[in-house]
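A.B. asks: For reference, the sequence and a predicted model appear below.
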Amino acid sequence: MATQQTRVLGRLAVAPSVIVLFLWMIVPLALTIWFSLLRYNLLDPGNESFVGFFNYEYFLTDPAFFAAIGNSLKLVFAVLVISIGGGTLLALLLDQAIVGRNIVRLMVIAPFFIMPTVSALVWKNMLMHPVSGLFAWLMKSIGLEPIDWFAQYPLTAVVIMVAWQWLPFATLILLTAIQSLDEEQKEAAEMDGTPPLSYFFYIVLPHLARPITVVILIETIFLLNVFAEIYVTGSGGPAGNLPYLVYFQGLLNFDVGGASAGGIVAVVLANIVAIFLIRMIGRNLEG
Amino acid sequence: MGTIVLKDVQKSFGDVTIIPNANLAIENGEFVVFVGPSGCGKSTLLRLIAGLEDVTSGKIIIDGSNAAQLPPAKRGLSMVFQSYALYPHMSVRNNIAFGLKMAGMPKAEIDAKVAKAAQILNLSDYLDRKPRQLSGGQRQRVAIGRAIVRQPKAFLFDEPLSNLDAALRVQMRIEIMQLHQSLGATMIYVTHDQVEAMTMADRIVVLNKGNIEQVGSPLELYNKPVTLFVAGFIGSPKMNFISGEVAANHKVHTIGVRPEHITLSGTSGEWEGTIALAEHLGADTFLHVDTARCGRLTVRAAGEYGQGPGDKIWLTPERGRVHRFDDKGKTIPNAA
Amino acid sequence: MARAQSVRRRTVTTILAWLIGFLIFFPILWTIITSFKTELEAFSTPPKFLFFEWTTENYAIVQERSNYLRFVSNSLILSIGSTIVALLFAIPAAWAMAFAPTKRTKDLLMWMLSTKMMPPVGALIPVYLIFRDMGLLDSRGGLIAVLFLLNLPIVVWMLYTYFKEIPGEILEAARMDGASLWNELVYVLAPMAVPGIASTLLLNIILAWNEAFWTLNLTTSAAAPLTAFIASYSSPEGLFWAKLSAASTMAIAPILVLGWFAQKQLVRGLTFGAVK
């Protein structure tokens, strides 16, 4: 379609974005790698020295690291299960004929658009507060001891908050996918006399396999980076994940070297997921 | 005026050569149809003439000067696209006027020309509507109006009737032919429908896999196809091709005879067969006959035909109407 | 399902859907309600749902005391600013990828999307140090640059998909009509692309408004947007729930409204086309 003129212009038009993104990718990454090989503490500037993989060894054998990775993975896994399991069911429900469907949709989608800091504080204070929070009141009314969420089950509390925000995302995506199911396929199944449960397992679920995979991959990428909720609720100690640990080491402990090593570990982890996601997207671009 | 000459035109996309070597001369005022199966390169050839694609090598000479390096705007041609390609956000009036506006014509002149084009095409009542408010046929007319109003050296049509329903297609075909008569301009028309080609063209260019197999008037192509491909492409239903023993009797690799050049008899004839299927169209009947020596043949019977599936029938090809082809698909001219 | 379903089934699903929807929406509802209570009421047990003294005093207090207006304007400046810069870069890039594609175009697009998948923590330390040394910490310009880079891949991607939906033949028709490239872009492409650009703008403003990693780490006061302002309520002095609710309601209200309109864009933009 393009003639000579448009092709040259095309390359010029893309150049600024490419350059800018390339720098944004490379420069911080290169620096982080470099820092991770140094002994570099902000309280002791000018005294950096090259220490090779020492930071990595230290970081990877630090119990705090394993706790953080464990929390990262637990968080991701739990939120995935809740958001996708719940999301599938909700999407099926919302696909039905419901009076006032648009309003219900609005209610279900809303949490995704709340900024994470607001969500975190509302949950921590007004809902989960052990004395005056709503949950405490509910539990007392049925005769149970109220739970001090952030003291007793901090990771669970964070999971609930984050899942609440991502359930709408999964629901919206899966609902879109369900509604894209060819109307004629539905009618063909009806003509064949397919019972609803079989219809779900043999037709809907396979159709959803692709979108579910995409949601898993995309959510994983974002969930590995959860930060605000942990930071704002002050649960970085018990429930800190990898991003929080890096932040803590670098900006609170001023250990740039160690934090950078942690950052690189996070990058490697994310890359593994990204490779799968890119392949999926690439396949879709062919179509 | 409107003469277009293609000289040694070649078009490749990377390693794939779509058009190896095209040579063609189009006279001023001619209605030329490029026809061929999907993927034969007819649209590519048209787009090369239009300037929407660059030639890999060769010359495109419009009115005596080589236009191969010129952008579409400077070639003085107009194109009507298969999907009409109307500007959805502009009214019919502005759609038609756009080219004139780009040329910097004064507003009063533009308005006059648009009004005249709209009148010719019966669009005067629709000038202020948007494309989405028009029917398929009306949109087609707007596309034609947009092309007319610039008074180009030649009109290029890229399968313009493919998106219309059958009845509308017949009507628009006639309208386009009348347009050609009244404007007298050169028109190059691309289609895969050989009926359109036969009814509309002064000359037809038959393309096969990027090669121009034959150029000639419709009747020339019908009566004197130079290759097996052209013989099989022109004429509906398709010419019957027979090889093997029967062809050997005629001393060639393949013979061909059109369904309308076979006489039928219920009693005797050269080839014996049984009717497998009969298509009754009212004015004609097409019989699909399974013969022992020639395989399945299609035969036309004028009017209504009484016999049906299962009946025996004898077929005889008309003398002088049998085409002969060598093993490379080229026609062997009949002895006088 | 186009045909009527049994009334009983519709009633059951409707009730179930409304119940679940209400439960999910409840925290937001609760925040809005609490914003209209006095602090005492906000803390009272048992909590009051509807029958209390409604007051708008919290809204007034929050706005006066904490220079709330500055945070709002920062949020606006950062979201809108980064979106505009992103569009300036992305529109030509998306145009080129959609209308003048090369063999590399697909790979380029994939690579751009992959930059979005990099964990921010991998860049936190260097960016922080660079900003510190260049005096960009707590500066609106610096934040706009970061947010712009963060969201550029998504903006390019979304514009690319919208541009691809414009039939190429219409642009060719403009070329045949004698339009120069500039005219082609201005008179034909731009008007047809406006809805797509508007949608992309919408989604990007939402994403930038809610961004809570860089805005928390790179700002302190002058450039702090609403995300950081709300975060400051995490170390409270005294009773503050009603005020927190009021501040939160004001912070989330515009995005809730925009988000409602941006649903389709969300699917398109954040699944990178892998879901249709």
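C.D. replies: Looks like it came in fine.
A.B. asks: contacting residues for B:Gly295?
C.D. replies: Applying CB atoms under 8 Å, 6 or more residues apart in numbering or on different chains to B:Gly295 gives the contacts B:Ile242. In this view, the C-beta of every residue, glycine as well, is placed from N, C-alpha and C.
A.B. asks: give me that answer again for 10 Å
C.D. replies: Going by CB atoms under 10 Å, 6 or more residues apart in numbering or on different chains, B:Gly295 touches B:240-244, B:246, B:273, B:289.
A.B. asks: Next: C:Gln263.
C.D. replies: Going by CB under 10 Å, 6+ apart, the list of residues near C:Gln263 reads A:105-106, A:109, A:112-113, A:168, A:172, A:175-176, C:203.
A.B. asks: Can you report phi and psi for the spatially most central residue of chain A?
C.D. replies: By CA atoms, centre = their mean, chain A has its centre lying nearest to A:Leu223, at 2.0 Å. Note on A:Leu223: its backbone torsions stand at phi -70, psi -30 [degrees, to the nearest 10].
A.B. asks: Could you find the closest non-adjacent residue to it?
C.D. replies: Of all residues not flanking A:Leu223 in the chain, A:Val76 sits nearest, at 4.5 Å (CB to CB, 6 or more residues apart in numbering or on different chains).
A.B. asks: so that neighbour touches A:Ile218, yeah?
C.D. replies: No: at 11.9 Å, A:Val76 does not count as touching A:Ile218 under the criterion of CB atoms under 10 Å.
A.B. asks: now the contacts of B:Gly295 as a markdown table including pLDDT and secondary structure?
C.D. replies: Shown next, in a markdown table, are the contacts of B:Gly295 (pLDDT from 0 to 100; DSSP: H, G, I helix; E, B strand; the rest coil):
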| residue | pLDDT | secondary structure |
| --- | --- | --- |
| B:Asn240 | 93 | strand |
| B:Phe241 | 92 | strand |
| B:Ile242 | 91 | strand |
| B:Ser243 | 88 | strand |
| B:Gly244 | 84 | coil |
| B:Val246 | 86 | helix |
| B:Gly273 | 90 | strand |
| B:Val289 | 92 | strand |
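A.B. asks: quick one on the thing from earlier: any idea how far chain C is from the residue nearest to A:Leu223?
C.D. replies: From A:Val76 across to chain C, the span is 12 Å (CB to the nearest CB, to the nearest Å).
A.B. asks: one step back: just the buried residues of the contacts of B:Gly295.
C.D. replies: Buried members of the contacts of B:Gly295, scored by 16 or more other CB atoms under 10 Å in any protein chain shown, are B:240-243, B:246, B:273, B:289.
A.B. asks: Contact partners for residue 125?
C.D. replies: Chain wasn't specified; assuming chain A. Listed by CB under 10 Å, 6+ apart, the contact set of A:Asn125 reads A:132-133, A:233, C:34, C:42-43, C:233-234, C:236, C:240-241, C:244-245.
A.B. asks: please go with chain B instead
C.D. replies: B:92, B:118, B:138.
A.B. asks: Distance-wise, check it relative to chain C.
C.D. replies: 23 Å.
A.B. asks: which neighbours do A:Val76 and A:Ile218 share?
C.D. replies: Residues touching both A:Val76 and A:Ile218 (CB under 10 Å, 6+ apart) are A:Val273.
A.B. asks: so how many other residues sit close to residue 186?
C.D. replies: Let's take chain A. A:Lys186 is flanked by 16 other residues according to other CB atoms under 10 Å in any protein chain shown.
A.B. asks: Correction: the question concerned chain C.
C.D. replies: Each residue near C:Val186 was counted by other CB under 10 Å, and the total is 12.
A.B. asks: and it, helix, strand or coil?
C.D. replies: helix (DSSP: H, G, I helix; E, B strand; the rest coil).
A.B. asks: For stretch B:20-35, list every residue counted as buried.
C.D. replies: B:21-22, B:24, B:26, B:29-35.
A.B. asks: no wait, stretch A:128-145
C.D. replies: A:128-130, A:132-137.
A.B. asks: check whether that stretch contacts chain C.
C.D. replies: Yes: residues of stretch A:128-145 contacting chain C under CB under 10 Å from any CB of the partner chain: A:129, A:131-134, A:136-138, A:140-141.
A.B. asks: Give me the subset of these lying in strands.
C.D. replies: Using DSSP state E, no member of the residues of stretch A:128-145 next to chain C falls in strands.
A.B. asks: could those residues be laid out in JSON lines, adding pLDDT?
C.D. replies: Shown next, in JSON lines, are the residues of stretch A:128-145 next to chain C (pLDDT from 0 to 100):
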{"residue": "A:His129", "pLDDT": "81"}
{"residue": "A:Val131", "pLDDT": "77"}
{"residue": "A:Ser132", "pLDDT": "75"}
{"residue": "A:Gly133", "pLDDT": "79"}
{"residue": "A:Leu134", "pLDDT": "80"}
{"residue": "A:Ala136", "pLDDT": "80"}
{"residue": "A:Trp137", "pLDDT": "80"}
{"residue": "A:Leu138", "pLDDT": "82"}
{"residue": "A:Lys140", "pLDDT": "81"}
{"residue": "A:Ser141", "pLDDT": "82"}
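A.B. asks: picking that back up, show me which of the contacts of A:Asn125 are buried.
C.D. replies: Members of the contacts of A:Asn125 classed as buried by 16+ other CB under 10 Å are A:132-133, A:233, C:34, C:42-43, C:233-234, C:240-241, C:244-245.
A.B. asks: helix or strand right after the helix or strand containing A:Ile216?
C.D. replies: Applying DSSP states H and E as the criterion places A:Ile216 in helix A:205-223. Remark: after helix A:205-223, the chain's next helix or strand is helix A:228-232, criterion DSSP H and E.
A.B. asks: elements contacting that following helix?
C.D. replies: helix A:63-94, helix A:116-121, helix A:154-179, helix A:236-239, helix A:242-247, helix C:214-218, helix C:226-231 (3 or more CB pairs under 10 Å, 6 or more residues apart in numbering or on different chains; DSSP states H and E).
A.B. asks: try it again with 7 Å
C.D. replies: If you count contacts as 3 or more CB pairs under 7 Å, 6 or more residues apart in numbering or on different chains; DSSP states H and E, helix A:228-232 packs onto helix A:116-121, helix A:154-179.
A.B. asks: that older thread, how near is the residue nearest to the centre of chain A to A:Trp166?
C.D. replies: 7 Å (CB to CB, to the nearest Å).
A.B. asks: Between these two, which contacts overlap?
C.D. replies: Shared contacts of A:Leu223 and A:Trp166, defined by CB atoms under 7 Å, 6 or more residues apart in numbering or on different chains, comprise A:Val79.
A.B. asks: just how off-centre is stretch B:238-257 within its chain?
C.D. replies: Centre-to-centre, stretch B:238-257 and its host chain are 27 Å apart (CA atoms, centre = their mean, to the nearest Å).
A.B. asks: Please spell out the segments of the chain that come in under the pLDDT threshold.
C.D. replies: Using chain A. Where chain A drops to pLDDT under 70, the residues are A:1-5, A:281, A:284-287.
A.B. asks: wrong chain, I was asking about chain C
C.D. replies: Checking chain C against pLDDT under 70 turns up C:1-5, C:235-239, C:271-276.
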